[in-house]
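Engineer: Please work out how this folds:
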Amino acid sequence: MTIHRWTPAARRAFLLAAGSIVILALAPGFASDGVIERLTVLFIYVIMAAMWNALAGYGGLVSIGQQLFFGLGAYLTIRLADAGLNPFAAMALGAVVVAGLAWVLSLFMLHLRAGEFAIGMWVLSSIAHLCVNLDPLIQGETGTSLISLNAYAIGERRMLIFWAALLGMTGLMALLFAVLRTPTGLAMQAIRDNEEAADSIGVNPMRTKRLFFVLAGFGTAVAGALWLAQVSAFQPRTYFSVQWTAYMIFMVLVGGLGRFEGAILGALIFFAVETWFAATGVWYLIGLGAAALAFSLFLPKGLWGWIADRTGTTLMPLGYRVRTDTTT
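Structural biologist: Numbers count the residues shown, from 1 in each chain. From the prediction side, this is the model:
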């Protein structure tokens, strides 16, 4: 009998993922401009889904206010770039500042439970929206643009944003995967299942939840900064809209809450649906809501959860498995 983490299927999936990232990194050399822009959007969606899944799926901290970090990531990029910082450096530094703010917010927000935490995050995002509107640089709801990106030629700018999004997605997914495989990741899942029981066996709930809260805030801020770079324009009403959290929730519910692979699958499904049906307007939004409701009722573990339960397949294993000597 042996204890292991990596199955043959998981090893193949890891090699496939690594190969795909290499090919994607080379994509600007052979893909069209439209494909590069759409792939950039997909990378951002994967980040958003993974970060909300980390917070809610693994930590049990259901938030409907993650647009707080998304909007602040974009806003601080505008602010730092206006101060003379390179726009790509401003994106990175802005996300770090948001992570620091998330740590401060965690000192009191993590004392709230369940619905109180969810609503509290939404309230904070609304307050941040109002505060950003008061900044003369933003000009209220009129907004502004990331003007410093104009220093780059259009083609060069498109490639740099694409590579930044790919790097951000790869780095954040690798970091999240590594954290979830540590004792801290196991502790977070124990807290999600029963905080009192986890505390009784020596887990520090507040410190563990704070780590995931800050990580989710940082990653969501990266997504906001990347979205700003992609579209250039910044309007507070758009970036602090609850629609961003709604998209995150949809992706995670469809893909599989608390499943590492689920966030990726959910982002792919949402990306495909948006690509094909976004032009239908309000019917597109109605369809998203109906699909999320249907998955919640009939596939509560999401599509990947349904697949994993029936096949036993885990492509990105977080825990351990016991294999008998007769197993091939």
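Engineer: need the helices for this protein, in chain order.
Structural biologist: Secondary structure of the chain (DSSP state H): helices at 8-26, 33-52, 67-82, 87-109, 114-133, 154-180, 183-193, 195-200, 205-231, 236-239, 243-255, 260-277, 282-298, 302-311.
Engineer: Can you give the distance of the last one from its chain's centre?
Structural biologist: In terms of CA atoms, centre = their mean, to the nearest Å, the centre of helix 302-311 is found 21 Å from the chain centre.
Engineer: Name the residues of it that come out as buried.
Structural biologist: Neighbour-count burial for helix 302-311 flags Gly302, Leu303, Trp304, Gly305, Ile307, Ala308 (criterion: 16 or more other CB atoms under 10 Å). Heads up, the C-betas are built off the backbone N, CA and C, glycines and all.
Engineer: Just put these in JSON lines and tack on pLDDT and distance to Phe30.
Structural biologist: Formatted as JSON lines, the buried residues of helix 302-311 follow (pLDDT from 0 to 100; distance: CB to CB, whole Å):
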{"residue": "Gly302", "pLDDT": "86", "distance to Phe30": "34"}
{"residue": "Leu303", "pLDDT": "88", "distance to Phe30": "31"}
{"residue": "Trp304", "pLDDT": "86", "distance to Phe30": "30"}
{"residue": "Gly305", "pLDDT": "85", "distance to Phe30": "36"}
{"residue": "Ile307", "pLDDT": "86", "distance to Phe30": "32"}
{"residue": "Ala308", "pLDDT": "83", "distance to Phe30": "34"}
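Engineer: can I get the residues you listed in a markdown table with distance to Trp244?
Structural biologist: Listed next are the buried residues of helix 302-311 as a markdown table, based on distance: CB to CB, whole Å:
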| residue | distance to Trp244 |
| --- | --- |
| Gly302 | 20 |
| Leu303 | 22 |
| Trp304 | 22 |
| Gly305 | 24 |
| Ile307 | 27 |
| Ala308 | 28 |
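Engineer: Tell me which of the helices of the chain sits most buried.
Structural biologist: Of all these, helix 67-82 has the most neighbours on average by mean count of other CB atoms under 10 Å, namely a mean of 26.
Engineer: Where does pLDDT dip in this structure?
Structural biologist: For the chain, residues meeting the criterion pLDDT under 70 lie at 1-6, 317-328.
Engineer: Reformat the helices of the chain as a markdown table; add distance to Thr144.
Structural biologist: Supplementary listing: those in a markdown table, determined by distance: least, CB to CB, whole Å:
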| stretch | distance to Thr144 |
| --- | --- |
| helix 8-26 | 31 |
| helix 33-52 | 20 |
| helix 67-82 | 6 |
| helix 87-109 | 13 |
| helix 114-133 | 11 |
| helix 154-180 | 18 |
| helix 183-193 | 38 |
| helix 195-200 | 43 |
| helix 205-231 | 10 |
| helix 236-239 | 10 |
| helix 243-255 | 19 |
| helix 260-277 | 26 |
| helix 282-298 | 27 |
| helix 302-311 | 38 |
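Engineer: which stretch among those helices comes nearest Gly60?
Structural biologist: helix 183-193 (3.4 Å; CB to CB).
Engineer: ok, so what distance separates the residue nearest to Asn86 when sequence neighbours are not counted from Tyr75?
Structural biologist: Closest residue to Asn86 apart from its sequence neighbours, by CB to CB, 6 or more residues apart in numbering: Ser148 at 7.5 Å. Distance from Ser148 to Tyr75, counting by CB to CB, to the nearest Å: 15 Å.
Engineer: before we move on, what about Thr184?
Structural biologist: Counting by CB to CB, the gap between Thr184 and Tyr75 amounts to 30 Å.
Engineer: picking that back up, of the helices of the chain, which approaches Glu141 most closely?
Structural biologist: Of all the helices of the chain, helix 236-239 comes closest under CB to CB, at 5.3 Å.
Engineer: Excluding its own residues, what touches the closest one? List them.
Structural biologist: 67, 70-71, 74-75, 129, 132-133, 138, 140-141, 143, 224, 227-228 (CB atoms under 8 Å, 6 or more residues apart in numbering).
Engineer: Which pair of those spans the longest distance?
Structural biologist: Gly140 and Trp227 (20.3 Å).
Engineer: Closest one of the contacts of helix 236-239 to Gln243?
Structural biologist: Out of the contacts of helix 236-239, the member with the shortest distance to Gln243 (by CB to CB) is Gln67, at 7.7 Å.
Engineer: Could you find the closest non-adjacent residue to the closest one?
Structural biologist: Trp244 (4.5 Å).
Engineer: how near is that neighbour to Ser232?
Structural biologist: For Trp244 relative to Ser232 (CB to CB), the value is 18 Å.
Engineer: my read: Ser241 touches Gln67, true?
Structural biologist: Yes. If you go by CB atoms under 8 Å, Ser241 and Gln67 touch, sitting 6.1 Å apart.
Engineer: Please consider this matter closed, and thank you.
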